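> Next one to model:
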Amino acid sequence: MRRLHAGPAFFCACALLASGCIYSFTGASVPAHLKTIAIPLIDDQSGFGEAGLREDVTRSLTDLFISDNSLQVTDRGTADAVLAGSITTVTDAPSVVEQGEQVSKRRITMTVKFTFQDMKLRRKVWEKNFSNWGDYESGGGLSQRKAGLQEAIRKISEDVLLETVSGW
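Predicted structure coming up:
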C-alpha cells in the first residue's frame, strides 16, 4: 500500500483557500525610468487665509515621499517627474451639533488639485483633485483648528503618494 505525502506548502495553500484569503496586488510600482521627483511649493488659491498653509502642505508631501523612498526628492531642474499642486478650497464647518444647537466639533475640508508630469517622456501622467478632512473640538481655539487642518493635510498627502507610486 502506497502512502501519499503532502508537503507543508500544500497545507498552507489549502488553509488560505479554506479561509477565503486571497492576496493580490492592486497597483504597480513606479516605472523604472522615474527615479526622482520635484515637489514645488504648493499654490494657495483657496482664500482661506491660513498663514503657512502652502508650506505645510508642501512639507507634509515632501516628508512623506522621502520616508516612502519610492522616488528621491530633488529640485525641479534635474527631476524625472514633477508633482505640482494648488489648494483650491478650504472650508471650516460644524460637524457635530449637540442639544441646544451647540457645536461640539468642527470639520475642516481641503481640496488640492495636483498634476503629475513625467519629464523624461514629456507627458502629463494625471491631473486630479484630492479632498479630505480633519475634525477638531469646537471650543479648543486656534491650536485645535490647526490640528484639524494638519489631519486633512496628512490624509491628502497619503492619497497623493498612493496615487503617484501605485497608480500605474
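> where in the protein is pLDDT low?
Along the chain, the model assigns pLDDT under 70 to residues 1-28.
> can you give me the helices for it?
8-19, 53-68, 141-166 (DSSP state H).
> need those helices in JSON lines with mean neighbour count and distance to E127, can you?
Where you see a C-beta, it was placed from the backbone N, CA and C, and this is true even at glycine. Formatted as JSON lines, these follow (neighbours: other Cβ atoms under 10 Å; distance: least, Cβ to Cβ, whole Å):
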{"stretch": "helix 8-19", "mean neighbour count": "10", "distance to E127": "40"}
{"stretch": "helix 53-68", "mean neighbour count": "17", "distance to E127": "16"}
{"stretch": "helix 141-166", "mean neighbour count": "18", "distance to E127": "11"}
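> want to try a markdown table for those, with distance to I108 as columns?
Compiled in a markdown table, those are given as follows (distance: least, Cβ to Cβ, whole Å):
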| stretch | distance to I108 |
| --- | --- |
| helix 8-19 | 41 |
| helix 53-68 | 11 |
| helix 141-166 | 5 |
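> For S86, which of these is the nearest?
Closest of the helices of the chain to S86 is helix 53-68, at 9.0 Å (criterion: Cβ to Cβ).
> Contacts for the closest one, please.
With Cβ atoms under 8 Å, 6 or more residues apart in numbering as the test, helix 53-68 has contacts from 37, 39-44, 46, 71, 73, 83, 85, 87, 90, 112, 149-150, 153-154, 156-158, 160-161, 164-165.
> just the angle between it and helix 141-166, please?
Angle, helix 53-68 to helix 141-166, by axes from the mean of the first three to the mean of the last three Cα atoms, to 10 degrees: 50 degrees.
> from the chain's centre, how far out does helix 53-68 sit?
Here helix 53-68 is found 10 Å from its chain centre; the criterion is Cα atoms, centre = their mean, to the nearest Å.
> need the contact list for V96.
103-105.
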